[in-house]
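**Q** Have a look at this prediction, sequence included:
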Amino acid sequence: MKIKVKLFASYQDLAGKSEIELKVDPGASVATVLNQLKELFPRLSERLGSNTLIALNAEYVSVTSPVQDGDEMAIFPPVSGG
Amino acid sequence: MKIKVKLFASYQDLAGKSEIELKVDPGASVATVLNQLKELFPRLSERLGSNTLIALNAEYVSVTSPVQDGDEMAIFPPVSGG
Amino acid sequence: MYLITEDVITSDAIIDQLRINTSGAIATFLGIAREFSNGRRVVHLEYQAYKPMAEKKLKEIGDEIYKKWQVDKVVIIHRVGVLKIGETSVFIAIAAPHRRPALEACAYGIERIKQIVPIWKKEIWEDGEVWIEGDPSKVS
Amino acid sequence: MYLITEDVITSDAIIDQLRINTSGAIATFLGIAREFSNGRRVVHLEYQAYKPMAEKKLKEIGDEIYKKWQVDKVVIIHRVGVLKIGETSVFIAIAAPHRRPALEACAYGIERIKQIVPIWKKEIWEDGEVWIEGDPSKVS
C-alpha cells in the first residue's frame, strides 16, 4: 500500500523534501514508516526521537498507530507558532 | 473664601446643577462643604453617605480634608466606567 | 496615551503605534455597549466623565502597570457621551516583550478603571433610564 | 473563524464582526514579530504551517474555549510566510458577555496555540537562521 509523508520545519530541511510517497507493507505502523524514513534520510534520522511529533490524517498519533493505504502521515519537531 | 463644587451622574440630576460656587469659612473642611450642599439640595442630601466619593483638585480625599480658597471640589457616586 | 474622548474608538491605528521592536505581544481589551443588562433592553448608553481627574487616574493606572510588569507601552482610551449598542466604551492596549505581562496588565487595567476612574454609565431603556453605580468597596 | 493566512492581519474589521448585542467585552491578543531574540538581532521571521491540521487545531482550541467559558465568539488567525519585524503573527479575538471570560479565554488561546498547532517559526539573522522548536512537554 501507499502513503504520503509530509515533513515540516527543520525536518524538511534535513530531508531536502517536504513530502514523499512511500510504499509500505500491509499491517505497518507509524514506527515502521519512521524506520523507512530513517533509512532514506540519514541526516534526518539523527533528529527523530522522543520529541518528534507524528500526525496521521491531521491528528496526533503515537508510533504504535497502524497506517492504512492512502493515509497522509506528517512528522515534525515541537511546534513553535504564536 | 470661595470654592467650586462639581457634581456628577445621579448627584448632578438630584441637585439640578453640574457645578456651583460656594462661599466657605476659613478653616472649613470637606465635611463643612458637604453640610452646605445638603442644605442647598435636599433631594441630593438623602443620597450623600458613606458611598459618596469626594475629590479635591482632582484627587480623592476624605471628609476631614481642609479646603482652601480656589479649590475645585467634586462629589460623585461610586464610579461605573469601563 | 491616556485619553477621554467623544470620538468612536478604533483599534488598528493605535495598535500600529505599539509595534515597537522590543515588543513580542500586544493585548487589548475593549468594553462594548451591550444590549441587555439584568434582563432589560438597553436602547443606548451614555458615559459622563470628570475629565481632568479621569485622565489623571488613567495615567496613574498606566504608572501602576509599568511598575508591576515589564511592558513597553500602555494606551487607555475611554469614550464619553452617547454610545450605540455595539460601540466601544473603553479601549486598553498593552505592548510587552512577552505575552503574560501584556495579558495580565490588560486585565488589571480594566479592573482598576472600574475602581478609581471618575466615569459613570447611564443606561437608557425604552421606558426609563438610570445611572449605574459601581461597587464602592473597590475605591482606593 | 479559524484561519491560516499569508496576508497582513488587521484588527478593526474582525472586531467589528464581534460587536454583537450580547457581548460586553472583547479581548484580543496579538503576537508581534520581535527584533531581538535571546540577544540576537532578527532580520525577519518566517512561519510555516501544516495548514489543514493547523486550522483544525485552531478550531479545536475554539471548541475548548466555548466549553470552558461563557463566550459569544472566538476568532483565531495565524499568519504564515515571511514577516517583517513589528508585524502580527497571530491574532486572537474573543467576544463575551463579561470581561473575565474574554480575557481568560484569550490567554488560554495563545497558550494552546503554542502547544498543539502545527506551525513553526524560523528566525532569520544577518548571519544565519534557525527553526525554533517549542517545548515538547506541552503537546497533548
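**A** Good, I have the coordinates.

**Q** Quick one: residues in contact with stretch A:51-69.
**A** With Cβ atoms under 8 Å, 6 or more residues apart in numbering or on different chains as the test, stretch A:51-69 has contacts from A:1-3, A:24, A:27-34, A:71-79, D:50, D:52-53, D:56, D:116, D:118, D:133, D:136, D:139. Where you see a C-beta, it was placed from the backbone N, CA and C, and this is true even at glycine.

**Q** ok, and the helix or strand in chain C with the lowest average confidence?
**A** strand C:36-37 (a mean of 84; mean pLDDT, DSSP states H and E).

**Q** What helices and strands are in contact with it?
**A** Based on contacts counted as 3 or more Cβ pairs under 8 Å, 6 or more residues apart in numbering or on different chains; DSSP states H and E, there is no element that strand C:36-37 packs against.

**Q** Name every strand pairing with it and say which way it goes.
**A** strand C:40-49 (antiparallel) (DSSP bridges).

**Q** and the strand it pairs with, how far from the chain's centre?
**A** Remark: strand C:40-49 is offset 16 Å from the chain centroid, using Cα atoms, centre = their mean, to the nearest Å.

**Q** got a list of contacts for that strand?
**A** Contacts of strand C:40-49 (Cβ under 8 Å, 6+ apart): B:8-9, B:12, B:81, C:4, C:33-36, C:78-85, C:89, C:117-126.

**Q** which element follows it toward the C-terminus?
**A** For strand C:40-49, the following helix or strand on the C-terminal side (DSSP states H and E) is helix C:51-68.

**Q** can you count the residues close to the residue of chain A found nearest chain C?
**A** For chain A, the residue closest to chain C is A:Gly82, as judged by Cβ to the nearest Cβ, at 7.7 Å. A:Gly82 is flanked by 24 other residues according to other Cβ atoms under 10 Å in any protein chain shown.

**Q** next one: A:Ser45
**A** 16.

**Q** And for C:Thr10?
**A** C:Thr10: 15 neighbours (other Cβ under 10 Å).

**Q** Distance-wise, check it relative to chain D.
**A** Separation of C:Thr10 from chain D (Cβ to the nearest Cβ, to the nearest Å): 5 Å.

**Q** excluding its backbone neighbours, what's nearest that residue?
**A** D:Asp12 (5.3 Å; Cβ to Cβ, 6 or more residues apart in numbering or on different chains).

**Q** That neighbour and C:Ile14 touch, don't they?
**A** No. Applying Cβ atoms under 8 Å as the test, D:Asp12 and C:Ile14 come out as separate, 10.2 Å apart.

**Q** residue nearest the centroid of chain C?
**A** When Cα atoms, centre = their mean is applied to chain C, the residue found nearest the centroid is C:Val90 (3.2 Å).

**Q** quick one, helices of the chain?
**A** Just going to use chain A. Assigned by DSSP state H, chain A shows helices spanning A:9-15, A:30-40, A:42-45.

**Q** Hmm, no, I was thinking of chain C.
**A** Counting by DSSP H, the helices of chain C are C:12-17, C:51-68, C:99-116.

**Q** Run through who's touching the first one.
**A** The reference is to helix C:12-17. By Cβ under 8 Å, 6+ apart, helix C:12-17 touches C:Met1, C:Ile26, C:Thr28, C:Lys73, C:Val75, C:Ile77, C:Phe91, C:Ala93, D:Thr10, D:Ser11, D:Asp12, D:Leu30.

**Q** and with 6 Å instead?
**A** C:Ile26, C:Val75, C:Ala93, D:Thr10, D:Ser11, D:Asp12 (Cβ atoms under 6 Å, 6 or more residues apart in numbering or on different chains).

**Q** Against D:Glu35, how distant is the residue of chain A found nearest chain B?
**A** At 28.6 Å from chain B, A:Gly82 is the closest residue in chain A, using Cβ to the nearest Cβ. Look at A:Gly82 and D:Glu35: by Cβ to Cβ, to the nearest Å, they are 17 Å apart.

**Q** now do C:Val43
**A** 48 Å.

**Q** can you check A:Val63 too?
**A** Taken as Cβ to Cβ, the span from A:Val63 to D:Glu35 is 39 Å.

**Q** So for these two, which residue has more residues nearby?
**A** Shown here are A:Val63 and D:Glu35; by other Cβ under 10 Å, D:Glu35 has more neighbours (17 against 14).

**Q** which non-adjacent residue is nearest the more buried one?
**A** The nearest residue in space to D:Glu35 (Cβ to Cβ, 6+ apart) is C:Asn21, at 3.7 Å.

**Q** Could you report the neighbour count for the one you found?
**A** Counted with other Cβ under 10 Å, C:Asn21 comes out at 15.

**Q** Likewise for the one 10 residues further on?
**A** A total of 27 residues lie near C:Gly31 under the criterion other Cβ under 10 Å.

**Q** so what pLDDT did it get?
**A** On the pLDDT scale, C:Gly31 is placed at 98.

**Q** so where's the chain uncertain?
**A** Using chain A. For chain A, no stretch is flagged by pLDDT under 70.

**Q** my bad, the chain I had in mind was chain C
**A** C:137-140.

**Q** Residue 47: neighbouring residues, count only.
**A** Went with chain A since none was named. A:Arg47: 16 neighbours (other Cβ under 10 Å).

**Q** I was thinking of chain C, sorry if that wasn't clear
**A** By other Cβ under 10 Å, neighbour count at C:Tyr47 equals 24.

**Q** quick one: it and A:Lys23, what's the gap?
**A** For C:Tyr47 relative to A:Lys23 (Cβ to Cβ), the value is 69 Å.

**Q** Over to A:Leu48?
**A** 20 Å.

**Q** Between the two, tell me which one has more neighbours.
**A** More crowded of A:Leu48 and A:Lys23, by other Cβ under 10 Å: A:Leu48, with 18 against 9.

**Q** and that one, what is it in contact with?
**A** With Cβ under 6 Å, 6+ apart, A:Leu48 has no contacts at all.

**Q** swap the cut-off to 8 Å and go again
**A** Going by Cβ under 8 Å, 6+ apart, the list of residues near A:Leu48 reads A:Tyr11, A:Leu34, A:Leu37, A:Lys38, A:Ile75.

**Q** Can you tell me how far whichever residue of chain C sits closest to chain A is from chain D?
**A** For chain C, the residue closest to chain A is C:Arg99, as judged by Cβ to the nearest Cβ, at 7.7 Å. For C:Arg99, the distance to chain D equals 6 Å [Cβ to the nearest Cβ].

**Q** Check C:Arg79 too.
**A** Distance from C:Arg79 to chain D, by Cβ to the nearest Cβ: 14 Å.

**Q** got the contact list for that residue?
**A** C:Ile4, C:Thr5, C:Glu6, C:Asp7, C:Val8, C:Ile9, C:Tyr47, C:Glu87, C:Thr88, C:Ser89, C:Val90.
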